[in-house]
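Trainee: Sequence and predicted structure are below.
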Amino acid sequence: MLTDQQKVDVRRHCGFPVFGQFNSTSPSTFGYRYYTQYLILEYRMNNLASDEEITLINVYLANCNNLESAIPTASSNLDTQQAAVWYHNQREVADRYDLYKLWCRRLAEFMGVKAPGAMINGMAVVV
């Protein structure tokens, strides 16, 4: 069974908002809990087979957490263009972010949900 923190990480990496305390607000205040994709994610997190849970924790969460934490550390090189034979990759932060988002999309696909950002990008806007 996933820990509460692991569930928070899955939601966060998949692009879903915070869940909050279940009994602290009325359903109308946080209606996102009742969106289909959110419910699918919650159901799947609570009903994973043991092999699926191991894969989720050891592959997807491990990679997403590591890649996410590597983005801020890339900023330590932003003030150095060149040091001896080493040259700074001008796209390092963007490359790290893109790789992180790739793994987030893979996590959402593994969980069988469409991330909120993916749903918005796929909608037609009518004015």
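Mentor: Yep, it's here.

Trainee: Burial check on the closest residue to residue 116 other than its chain neighbours, number of neighbours?
Mentor: Closest residue to residue 116 apart from its sequence neighbours, by CB to CB, 6 or more residues apart in numbering: residue 15 at 4.9 Å. C-beta coordinates here come from the backbone N, C-alpha and C atoms, glycine included. Residues lying near residue 15 (other CB atoms under 10 Å) number 20.

Trainee: Residue 15 contacts residue 108, correct?
Mentor: Yes. Shown here, residue 15 and residue 108 form a contact pair, counting by CB atoms under 8 Å, at 7.3 Å.

Trainee: can you give me the helices in the chain?
Mentor: 4-14, 36-46, 50-55, 62-73, 92-111, 116-121 (DSSP state H).

Trainee: Now mean pLDDT and distance to residue 20 too, for those helices, in JSON lines please.
Mentor: Formatted as JSON lines, these follow (pLDDT from 0 to 100; distance: least, CB to CB, whole Å):
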{"stretch": "helix 4-14", "mean pLDDT": "96", "distance to residue 20": "11"}
{"stretch": "helix 36-46", "mean pLDDT": "92", "distance to residue 20": "12"}
{"stretch": "helix 50-55", "mean pLDDT": "98", "distance to residue 20": "24"}
{"stretch": "helix 62-73", "mean pLDDT": "93", "distance to residue 20": "22"}
{"stretch": "helix 92-111", "mean pLDDT": "93", "distance to residue 20": "20"}
{"stretch": "helix 116-121", "mean pLDDT": "61", "distance to residue 20": "16"}
